[in-house]
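Participant: Here is the input, now give the coordinates:
(chains A and B)
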Protein chains: 2
Amino acid sequence: MKRTAFFISDGTGITAETLGQSLLAQFETINFTKLTRPYVDSVEKARAIVQQINSAAEKDGARPIIFDTIVNQEIRDTLAESNGFMIDIFSTFLAPLEHELTSHSSYSVGKSHSIGHNSNYMERIEAVNFALDNDDGARTHYYDKADLILVGVSRCGKTPTCLYMAMQYGIRAANYPLTEEDMERLQLPTALKAYKNKLFGLTIDPDRLAAIRHERKPNSRYASFAQCEFEVREVENLFRRENIAHINSTHFSVEEISAKILVEKGVERRLK
Amino acid sequence: MKRTAFFISDGTGITAETLGQSLLAQFETINFTKLTRPYVDSVEKARAIVQQINSAAEKDGARPIIFDTIVNQEIRDTLAESNGFMIDIFSTFLAPLEHELTSHSSYSVGKSHSIGHNSNYMERIEAVNFALDNDDGARTHYYDKADLILVGVSRCGKTPTCLYMAMQYGIRAANYPLTEEDMERLQLPTALKAYKNKLFGLTIDPDRLAAIRHERKPNSRYASFAQCEFEVREVENLFRRENIAHINSTHFSVEEISAKILVEKGVERRLK
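Facilitator: Below you'll find the model as predicted:
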């Protein structure tokens, strides 16, 4: 079965997209075509979207599902004239919230992901810069400023995780690759010893690691299954011996790994 | 007025957090303390959260607002015993969606940001790697594989924007800094000429640019207002002359800039 879903917003579309994706993920048997339409901030633009909704309805032989976070009533009324099934996210929840908070919603457009709302803009950019500057053990003399230091073998997912935590939560996360040399020594690199409480380990299944490394350096010893298996085994031993909390990243998304790390280490989000 | 908000989930908490933040942003006069509680996947964990909710209620002298995406009924019933005001995101929308889709929700836990849902895991990691490898004009011989190439003066926000688009949408975005040398030549760098249709320009207010550069190189000519003003003016002239779509990043968040670029360039999200 095939259905089209529209995520429509007067701002970035992120809220409509995030909630819509979550809800649709619960219907696994249906094949959804997902379309995001941000910055729909005029009746004219809404009319153009109505045409897209109606063509999708015709093509699919079924009403598209519409997730919208439009604030303006006139624009929503225009969308409501389409041949779609509307999930009206804001209007569903704003009225009960107004009642509970005995306060009126400002009904202002595009609030949720705007710079005004997120006053911590510089903090976030600095967290991204911190992740980039302290990536892959590039430098270690700012570890006192780090919220977290991810450790693990090369290509186990440290960099994307650090960048995600910086971007999404303003967390300052450095990462340090554990190389064969460190393994043979069977101890933590000196640079990390003073910051043991900030360390978090990532591991990965050796076959997945080999596949990822193969993309970077095809047919190298570095990418061989034997080498990957050796490194992962040694690193996991190190984590256990040094009592470093760790997680196997193989079956988790970057979002899941990040959320689990913050829970495990008790680190609070810096962006509110 | 002070209120506490809880974002509670059996998964990462991203959906509850995103929707909750959006709704609360509409109530500007209230000072919210926001707490995310992910991976609440047992009645026992829910009971611990109930205690936190009740203490917040006592401290604030008002019920906390609870945004939850819990699927399990028993866990939700436990949370409902707290002294909080519940915005039950999933149960509100799943029933009407089930009816419309004539299909049953799988009511499975932590679906929305799991790796299984997002089958494009490798595509996303590769997009992040692409952004990192092609950052700051580091190399230009993969521009044929780029979805977009951001151009602008040093420190105008190109890197965070590229990383965000990679992480969130799987877009392969390179970026190339326009340096003084390019400006004096008053033309596009050779490396970019063949890819003019992929270019998008970022500009920034000179005083903001000077502040950002000052963080990196205090009291340098590079960070001086005069230099920043000169570079921005020259680059904006170049964008106009070469007819390159561009946006001033000063008053927008990374999310807004990214969403605007994708709309403007007609680039579709790669992660569905």
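Participant: now the strands for chain A?
Facilitator: Using DSSP state E, the strands of chain A run over residues A:2-8, A:31-37, A:65-68, A:85-88, A:148-152, A:173-177, A:199-203, A:246-248.
Participant: Briefly note if the first one comes near chain B.
Facilitator: Yes - against chain B, strand A:2-8 shows contacts by C-beta under 8 Å from any C-beta of the partner chain at residue A:3. From N, CA and C alone the C-beta is placed, and that goes for glycine too.
Participant: so what does that strand touch, helix or strand wise?
Facilitator: For strand A:2-8, the elements it packs on are helix A:14-24, strand A:31-37, helix A:43-60, strand A:65-68, judged by 3 or more C-beta pairs under 8 Å, 6 or more residues apart in numbering or on different chains; DSSP states H and E.
Participant: interface residues of the stretch 151-272 of chain A facing chain B?
Facilitator: By the rule C-beta under 8 Å from any C-beta, the part of the stretch 151-272 of chain A lying against chain B is A:157, A:159-160, A:163-164, A:167, A:212, A:215, A:251-256, A:258-260, A:262-263, A:269, A:272.
Participant: By proximity to chain B, which residue of the stretch 101-250 of chain A wins?
Facilitator: The stretch 101-250 of chain A approaches chain B most closely through residue A:112 (3.5 Å), counting by C-beta to the nearest C-beta.
Participant: Tell me which residues touch residue A:246, please.
Facilitator: A:152, A:200-203, A:236, A:239 (C-beta atoms under 8 Å, 6 or more residues apart in numbering or on different chains).
Participant: And the pLDDT at residue A:268?
Facilitator: Looking at residue A:268, its pLDDT is 85.
Participant: can you give me the helices for chain A?
Facilitator: Applying DSSP state H to chain A gives helices spanning A:14-24, A:43-60, A:73-80, A:89-101, A:121-133, A:158-169, A:180-185, A:190-193, A:206-216, A:225-242, A:254-265.
Participant: Make TSV out of the strands of chain A and add mean pLDDT.
Facilitator: Shown next, in TSV, are these (pLDDT from 0 to 100):
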stretch	mean pLDDT
strand A:2-8	95
strand A:31-37	94
strand A:65-68	97
strand A:85-88	94
strand A:148-152	98
strand A:173-177	96
strand A:199-203	98
strand A:246-248	97
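Participant: Out of these, flag the one nearest residue B:207.
Facilitator: With C-beta to C-beta as the criterion, residue B:207 lies closest to strand A:173-177 of the strands of chain A, at 30.2 Å.
Participant: buried subset of the residues of the stretch 151-272 of chain A next to chain B?
Facilitator: Among those, those that count as buried by neighbour count (16 or more other C-beta atoms under 10 Å in any protein chain shown) are A:157, A:159-160, A:163-164, A:167, A:212, A:252-256, A:258-260, A:262, A:269.
Participant: Under the pLDDT cut-off, which ranges of chain A? List them.
Facilitator: Within chain A, the stretches with pLDDT under 70 are A:114-119, A:185-186, A:272.
Participant: ends of stretch A:78-88, how far apart?
Facilitator: 13 Å (C-alpha to C-alpha, to the nearest Å).
Participant: Pull the residues that contact it.
Facilitator: Stretch A:78-88 is contacted by residues A:6, A:8, A:20, A:23, A:43, A:46-47, A:49-50, A:53-54, A:57, A:63-68, A:70, A:76, B:93, B:96-97, B:100 when judged by C-beta under 8 Å, 6+ apart.
Participant: Over to stretch A:258-268?
Facilitator: Under the contact criterion C-beta under 8 Å, 6+ apart, stretch A:258-268 has outside partners A:147-148, A:150, A:161, A:164-165, A:168-169, A:171, A:200, A:245, A:247, A:252, A:269, B:11-14, B:38-39.
Participant: now those residues: which count as buried?
Facilitator: With neighbours counted by 16+ other C-beta under 10 Å, those contain buried members at A:147-148, A:150, A:161, A:164-165, A:168-169, A:171, A:200, A:247, A:252, A:269, B:11-14, B:38-39.
Participant: Looks like residue A:31 contacts residue A:2 (just checking).
Facilitator: Yes - contact criterion C-beta atoms under 8 Å: residue A:31 and residue A:2 qualify, at 5.1 Å.
Participant: related to what we said a few turns ago, what's the closest of the helices and strands packed on strand A:2-8 to chain B?
Facilitator: Nearest to chain B, of all these, is helix A:14-24, at 3.5 Å by C-beta to the nearest C-beta.
Participant: gap between that closest one and the chain center?
Facilitator: Distance of helix A:14-24 from the chain centroid (C-alpha atoms, centre = their mean, to the nearest Å) equals 13 Å.
Participant: again with stretch A:178-190
Facilitator: Put simply, stretch A:178-190 sits 31 Å off its chain's centre (C-alpha atoms, centre = their mean).
Participant: Could you give me the buried positions within it?
Facilitator: Within stretch A:178-190, the residues scored as buried using 16+ other C-beta under 10 Å are A:178, A:182-183, A:188-189.
Participant: hmm, back to that, which among the contacts of stretch A:78-88 count as buried?
Facilitator: Buried subset of the contacts of stretch A:78-88 (neighbour count, 16+ other C-beta under 10 Å): A:6, A:8, A:20, A:23, A:46, A:49-50, A:53-54, A:57, A:63-68, A:70, A:76, B:93, B:97.
Participant: The residue of the stretch 101-250 of chain A closest to chain B reaches residue B:25, doesn't it?
Facilitator: Yes - in terms of C-beta under 8 Å, residue A:112 counts as a neighbour of residue B:25; the distance is 5.0 Å.
Participant: Which one of these two is surrounded by more residues?
Facilitator: Set residue A:112 next to residue B:25 and count neighbours by other C-beta atoms under 10 Å in any protein chain shown: residue A:112 wins out with 24 against 21.
Participant: State the distance from the more buried one to residue A:103.
Facilitator: 17 Å (C-beta to C-beta, to the nearest Å).
Participant: likewise residue A:93?
Facilitator: Between residue A:93 and residue A:103 the computed distance is 14 Å (C-beta to C-beta).
Participant: And for residue A:130?
Facilitator: Distance, residue A:130 to residue A:103, by C-beta to C-beta: 37 Å.
Participant: domains in chain A, as residue ranges please.
Facilitator: Following the TED database, one finds the domains of chain A at A:2-101, A:119-265.
Participant: Any idea which of those gets closest to residue B:194?
Facilitator: Closest among the domains of chain A, using C-beta to C-beta: domain A:119-265, at 26.1 Å.
Participant: quick one on the thing from earlier: can you redo the helices of chain A as a markdown table with distance to residue B:229?
Facilitator: Listed next are the helices of chain A as a markdown table, based on distance: least, C-beta to C-beta, whole Å:
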| stretch | distance to residue B:229 |
| --- | --- |
| helix A:14-24 | 33 |
| helix A:43-60 | 35 |
| helix A:73-80 | 39 |
| helix A:89-101 | 41 |
| helix A:121-133 | 21 |
| helix A:158-169 | 29 |
| helix A:180-185 | 48 |
| helix A:190-193 | 41 |
| helix A:206-216 | 42 |
| helix A:225-242 | 50 |
| helix A:254-265 | 39 |
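Participant: rewinding a little: looking at residue A:130 and residue A:103, which has the bigger crowd around it?
Facilitator: Ranked by neighbour count (other C-beta under 10 Å), residue A:130 and residue A:103 place residue A:130 first, with 21 against 16.
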